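Visitor: coords please:
(one chain, ligands or ions: 1)
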Amino acid sequence: EQSCKSFHAGLPNVTILATGGTIASRASSNTQTTNYKVGVGIEALLDAVPEICNISNVSGVQVSNVDSGSINSTILLDLTARLTAELANPSVHGVVVTHGTDTLEETAFFLDLVLNSTKPVVVTGAMRPSTALSADGPLNLYQAVKLAASKTAFGRGVMVALNDRIGSAYTSTKNHANSLDTFHATEQGQLGFFIDQVPKFYYSPSKPQNKPQFDVSGQKTLPHVDILYGHQESNSHLIQASIKSGAKGIIFAGVGAGGWSIDGLKDAQRMYNVSGIPTVFSRRTNGGFAGGDSIYSFQMTSGFLNPQKARIMLQLALNAGHSNDEIRHIFNAQ
Ligand SMILES: NC(=O)C[C@H](N)C(=O)O
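Guide: Take a look at the predicted model:
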């Protein structure tokens, strides 16, 4: 654990849980912005932004130090347990999670569905490694702490803060593989913006429609759910392979608004008749709604949830022991 050198009783207490990602990465020169390596610890992250200690009493904890492609359910559940404990501590004002941006939206969405607190939880990261000219990590971290320490941030669900923008974890998606300005929610928009590092919210706190709440306390694993990617001539054997390897549910990143080939759908219906595992159709398209009438009774659709968020939702719904009808109900409301 890492803390500010001195404690100021008048400042809010903020905990930073560090998990890795580009914000915690190092390259061999200051112009290198690809092929860098994760491995910078929480201590160095805080050392890079000593100003954080002027706005809050920070304590930093290293939860993992991996690229976010390697975040798994063990880390997610550990992170949830630590967050739950921090949020239950009356002296903690808010919590920041530092994370790789590649799967940041999955972790943020997961946390939004399982945490039960009005205190601010802010997930942040960076698109440039810590060694880069104009590295974005330090200011993103400063703004995230400022947000977690802010009185105006209560009751807004888990937030995603990068590149001056504040988004909802429920709706934010990484839109660009390289650009600093990558997190947006095309349909639902942003919650706010930082002006001179002060969070300015556009609206009063509100909750996404039909957001379910799940309890994962004491949980050590989550159900295995795969995503199959739609394309012309998609290989329906992959459905079989997925079920064989233990999948308890499948998300289809469908073409258009959740489409699939006619042969693939017939195969999927046959597999469903045997396995009964829920199959949810989302879309490979970057934005939009997957839903509407289907001639196939087994098909569920993800609404506005993209495949990676639909996967998290299905894992949590299965974990809660919901029946397929209940799961359909959850997805129909999204
Ligand atoms: N910008 C990033 O953080 C990307 C990094 N590969 C990750 O851990 O997700």
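
Visitor: I'd guessed N57 sits against G10; true?
Guide: No - with contacts counted by C-beta atoms under 8 Å, N57 stays clear of G10, the gap being 9.6 Å. All C-beta spots, glycine's among them, are computed from the backbone N, C-alpha and C.

Visitor: Now do stretch 209-217: distance from first to last residue.
Guide: 24 Å (C-alpha to C-alpha, to the nearest Å).

Visitor: Just the CA atoms of stretch 320-334, as CSV, please.
Guide: Extracted C-alpha coordinates of stretch 320-334, given in CSV (Å, rounded to 0.1, in the frame of the first residue of the first chain):
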residue,chain,number,x,y,z
ALA,A,320,-27.6,-15.5,-10.0
GLY,A,321,-29.3,-18.7,-11.1
HIS,A,322,-31.9,-17.0,-13.3
SER,A,323,-34.0,-19.1,-15.7
ASN,A,324,-33.8,-18.5,-19.4
ASP,A,325,-37.2,-16.7,-19.2
GLU,A,326,-35.8,-14.4,-16.6
ILE,A,327,-32.6,-13.8,-18.6
ARG,A,328,-34.7,-13.0,-21.7
HIS,A,329,-36.6,-10.5,-19.5
ILE,A,330,-33.4,-8.8,-18.4
PHE,A,331,-32.1,-8.5,-22.0
ASN,A,332,-35.5,-7.4,-23.4
ALA,A,333,-35.3,-4.4,-21.0
GLN,A,334,-31.9,-3.2,-22.2
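
Visitor: And that stretch, what's buried?
Guide: A320, H322, N324, I327, R328, I330, F331, Q334 (16 or more other C-beta atoms under 10 Å).

Visitor: secondary structure element for the residue lying closest to S172 once chain neighbours are set aside?
Guide: Ranked by C-beta to C-beta, 6 or more residues apart in numbering and with sequence neighbours excluded, the top spatial neighbour of S172 is V160, at 4.3 Å. Per DSSP states H and E: V160 is located in strand 158-162.

Visitor: Go ahead and confirm Q32 touches L133.
Guide: No - judged on C-beta under 8 Å, Q32 makes no contact with L133 at a distance of 9.9 Å.

Visitor: Neighbour count: the two, which is higher?
Guide: Q32 (15 against 10; other C-beta atoms under 10 Å).

Visitor: In contact with the more buried one, which residues are there?
Guide: Q32 is in contact with P129, T131, A132, counting by C-beta atoms under 8 Å, 6 or more residues apart in numbering.

Visitor: Provide a list of residues in contact with the last one.
Guide: It refers to A132. Neighbours of A132 in contact, by C-beta under 8 Å, 6+ apart: A27, N30, T31, Q32, T33.

Visitor: mind redoing it with 7 Å?
Guide: Shown in contact with A132 (C-beta atoms under 7 Å, 6 or more residues apart in numbering): A27, N30, T33.

Visitor: Distance of it relative to S68?
Guide: 18 Å (C-beta to C-beta, to the nearest Å).

Visitor: how about the residues of the stretch 51-200 of the chain near the ligand?
Guide: By the rule C-beta under 6 Å from any ligand atom, the part of the stretch 51-200 of the chain lying against the ligand is D67, S68, G100, T101, D102, G125, M127.

Visitor: can you tell me which of those residues are in strands?
Guide: Counting by DSSP state E, none of the members of those fall within strands.

Visitor: Quick one: which of those residues is the most crowded by neighbours?
Guide: Most neighbours among those, by other C-beta under 10 Å: G125, with 30 neighbours.

Visitor: residues of the lengthiest helix in the chain that come out buried?
Guide: With secondary structure taken from DSSP state H, the chain has its longest helix at helix 73-88. Residues of helix 73-88 classed as buried: S73, I75, L76, L77, L79, T80, R82, L83, T84, E86, L87 (neighbour count, 16+ other C-beta under 10 Å).

Visitor: from this structure, which residue is nearest to the ligand?
Guide: The chain approaches the ligand most closely through G100 (2.0 Å), counting by C-beta to the nearest ligand atom.

Visitor: Please name the residues that touch that residue.
Guide: Counting by C-beta under 7 Å, 6+ apart, the residues that G100 touches are G20, G21, T22, D67, S68, G125.

Visitor: that older thread, need the residues of the stretch 51-200 of the chain next to the ligand in TSV (columns: pLDDT).
Guide: Below are those laid out as TSV (pLDDT from 0 to 100):
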residue	pLDDT
D67	98
S68	98
G100	98
T101	98
D102	98
G125	98
M127	98
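
Visitor: Out of these, which is nearest to V255?
Guide: In terms of C-beta to C-beta, no member of these lies closer to V255 than D102, at 23.4 Å.

Visitor: surely that closest one meets V66?
Guide: No - counting by C-beta atoms under 7 Å, V66 is not a contact partner of D102; they are 10.9 Å apart.
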